[in-house]
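Chemist: model the following, please.
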Amino acid sequence: METMSNQVVSVIIVTARVKDYLTTCLDSLKKQTYPHLQIIVVDNTKEGLSYSQALNKGIGMSEGGVILCLNDDVILDRNFILEALKGFLADPCVGMVSGKILRPDNKTIDTTGLFLTFWRTAKERGYGSKNRGQFEKSGYVFGVNGAVAFYQKEMLDKINYFDERFGFFYEDLDLAWRAQKAGWRGYYIPSAIAWHVRGGTTRGEGGIDKPFARRFLNDKLHLSLIKNRYLTIKKNESFFDFIVHLPAMVLYEVLVWSHVLLFRPHLIKLFFFENIRRN
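Modeler: I've put the predicted structure just below:
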């Protein structure tokens, strides 16, 4: 991708029409200094699709060579797209670009890139920390957070878009992991600024921008958070790496299920009932 000056950017927004998030998101798109935009809104209050299905529907309708997937609870700086596009020029293998995503207070970092942890979980670099200028250098990242995710369309075509089994949670890590295995890379551009209401569309009012997200999820989403991690590992982990990381994964499982046992023991029954019914 030698030049981006005339590249059409297809922006896909999935909305559940919570509060006025969609309006403010669209307003920030109208103010973008980059002119060549195709805006696609998938209204899930009408469609009834999973989040991943809704994104795939939008990607299928897209005309641009790059795709920006947005949650409706995101606001973009007016230069976000112009700056973020520079990431694709860093390396021909860059298929994913992340900007510096802040919380609405403009002081707290939401994410500066997605990483795969030793526990085989998704880590948002800088998550919840104060923005002190510690992430001002461009560079490679494992992947990008799904709330503000820039992708090359060519990459998405080759790895078959989002896995629609995921719905919410881990769909972005799964896509990044598959992309990495296919030879693509992620890149971070700190000058591309956006603001994200963490949990605006998935948590209750009391859980917005709060740490330990699982505390504020309903039962269905909590189970998805657990199960989707298993699916991500099953799909993408090599046998050798599985063995290497097994001790850390077992410890993580002990912590996860201890939390469930103490605070939501009814989820144990729901988890195993769903698996039995599926099989």
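Chemist: flag every buried residue along stretch 121-135.
Modeler: Using 16 or more other CB atoms under 10 Å as the test for burial, stretch 121-135 gives 121-127, 131, 135. C-beta coordinates here come from the backbone N, C-alpha and C atoms, glycine included.
Chemist: if you could redo that for stretch 162-172, that was the one I meant.
Modeler: Neighbour count says stretch 162-172 has 162-164, 166-172 buried, by 16+ other CB under 10 Å.
Chemist: what sits against residue 189?
Modeler: 83-84, 86-87, 97-100, 138 (CB atoms under 8 Å, 6 or more residues apart in numbering).
Chemist: filter those down to the buried ones, ChimeraX style.
Modeler: In ChimeraX, a selection of the buried entries from the contacts of residue 189 looks like this (16+ other CB under 10 Å):
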select :83,84,87,97,98,99,100
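Chemist: could you list which of the buried residues of stretch 162-172 belong to helices?
Modeler: Applying DSSP state H to the buried residues of stretch 162-172, the entries found in helices are 171-172.
Chemist: out of the buried residues of stretch 162-172, which is nearest to residue 263?
Modeler: Within the buried residues of stretch 162-172, the smallest distance to residue 263 is 18.4 Å, found for residue 169 (CB to CB).
Chemist: my guess is that closest one contacts residue 230. True?
Modeler: No - the criterion here is CB atoms under 8 Å, and residue 169 misses it with residue 230 at 11.4 Å.
Chemist: for residue 171, see how far away the residue lying closest to residue 187 once chain neighbours are set aside is.
Modeler: Using CB to CB, 6 or more residues apart in numbering and skipping residues adjacent in sequence, the residue nearest residue 187 is residue 87, 4.1 Å away. Residue 87 sits 21 Å away from residue 171, going by CB to CB, to the nearest Å.
Chemist: residue 28 too?
Modeler: Distance from residue 28 to residue 171, counting by CB to CB: 23 Å.
Chemist: got any ranges where the chain has weak pLDDT?
Modeler: Along the chain, the model assigns pLDDT under 70 to residues 1-3, 47, 199-214, 274-279.
Chemist: could you rerun that using 50?
Modeler: Within the chain, the ranges that satisfy pLDDT under 50 run 1-2, 203, 207.
Chemist: do you have the strands of it handy? List them.
Modeler: Assigned by DSSP state E, the chain shows strands spanning 9-15, 37-43, 66-71, 74-76, 94-102, 109-111, 114-116, 122-124, 139-141, 148-152, 185-196.
Chemist: now distance to residue 23 too, for the ones you listed, in a markdown table please.
Modeler: Putting the strands of the chain into a markdown table (distance: least, CB to CB, whole Å) gives the following:
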| stretch | distance to residue 23 |
| --- | --- |
| strand 9-15 | 10 |
| strand 37-43 | 11 |
| strand 66-71 | 13 |
| strand 74-76 | 11 |
| strand 94-102 | 20 |
| strand 109-111 | 20 |
| strand 114-116 | 27 |
| strand 122-124 | 26 |
| strand 139-141 | 30 |
| strand 148-152 | 18 |
| strand 185-196 | 15 |
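Chemist: of those, which is nearest residue 178?
Modeler: With CB to CB as the measure, strand 94-102 is the member of the strands of the chain nearest residue 178 (10.7 Å).
Chemist: tilt between that closest one and strand 148-152?
Modeler: 160 degrees (axes from the mean of the first three to the mean of the last three CA atoms, to 10 degrees).
Chemist: keeping just the C-alphas, turn strand 94-102 into CSV.
Modeler: Taking Å, rounded to 0.1, in the frame of the first residue of the first chain, the C-alpha atoms of strand 94-102 are listed here in CSV:
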residue,chain,number,x,y,z
VAL,A,94,0.9,-4.1,8.5
GLY,A,95,-2.8,-5.2,8.3
MET,A,96,-4.0,-3.7,11.6
VAL,A,97,-3.5,-0.2,13.1
SER,A,98,-4.3,1.1,16.6
GLY,A,99,-4.3,4.6,17.7
LYS,A,100,-4.1,6.0,21.3
ILE,A,101,-7.5,5.4,22.7
LEU,A,102,-8.4,7.3,25.8
